[in-house]
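Novice: Pasting the sequence and the predicted coordinates here, then a few questions.
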Amino acid sequence: MFTIGDTIHYGMDGVCQITGIVERKIGGEYRRFYELHPYFRKSTVVFLPVDNDRLLSRVRPVMNEEQIMRSIYGMKDFESIWLDSDTDRKEAFQAIIRQGDNQQLLSLVKTLYERKQEMQKGGRKLRSADSAFLKDAERLVNEEYAYVLGMEPGEIPAFIQKKMA
């Protein structure tokens, strides 16, 4: 169980602060929800049912600086997770985004970034679905790293490149 004031990482919503535990009437029944405020989208409010184990499995603690640095330095060892089947790739990449696991997100970013570079050499572009996955994964990684490191999300790609050089 989480407490008010906790900062967590929640799936597609990224870094959030728990600002309350509220009761809401849904389908004639009262249920309890965590009230989450995504750190980088101030006008957004997310209500997470306190009794939904499937959704709660997408919650994890925000990484610390040491974990972030280990992840960055470990990126060079990540294998490509590219799948040739559009359907299989879509399902796998959606699952990674929904779950919000940092290592998987970094693998996804690296895979799609490398694929994008490959395609550009041939004068082609990533498919729009793959571009959207790249954008979502980069946003989640950049926002969490920015939150922990006291930076802006737009500064994170250059920071990562510098550390990997």
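Specialist: Structure's in. What do you need?

Novice: Point out where this structure drops to low pLDDT.
Specialist: Of all residues in the chain, none has pLDDT under 70.

Novice: Show me the chain divided up by domain.
Specialist: 7-61, 65-164 (automatic domain parsing).

Novice: Throw those into a markdown table and include mean neighbour count, thanks.
Specialist: No exception for glycine: its C-beta is placed from N, CA and C like everyone else's. Below are these laid out as a markdown table (neighbours: other Cβ atoms under 10 Å):
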| stretch | mean neighbour count |
| --- | --- |
| domain 7-61 | 15 |
| domain 65-164 | 15 |
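
Novice: Can you say which of those domains is nearest to Met1?
Specialist: Smallest distance to Met1 across these (Cβ to Cβ): 7.4 Å, for domain 7-61.

Novice: what's the offset of that closest one from the middle of its chain?
Specialist: 15 Å (Cα atoms, centre = their mean, to the nearest Å).

Novice: now swap in stretch 146-154 and tell me
Specialist: Mean-position distance between stretch 146-154 and its chain equals 14 Å (Cα atoms, centre = their mean).

Novice: Ok, stretch 83-99 next?
Specialist: Stretch 83-99 has its C-alpha centroid displaced from the chain centroid by 14 Å (Cα atoms, centre = their mean).

Novice: can you put the domains of the chain in CSV and add distance to Met1?
Specialist: Below are the domains of the chain laid out as CSV (distance: least, Cβ to Cβ, whole Å):
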stretch, distance to Met1
domain 7-61, 7
domain 65-164, 19
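
Novice: chain center to stretch 120-137, what's the gap?
Specialist: Distance of stretch 120-137 from the chain centroid (Cα atoms, centre = their mean) equals 18 Å.

Novice: what does it rub up against?
Specialist: Contact partners of stretch 120-137, identified using Cβ atoms under 8 Å, 6 or more residues apart in numbering, comprise 12, 86, 89-90, 93-94, 96-97, 105, 108-109, 112-113, 115-116, 119.

Novice: Perfect, I'm done here.
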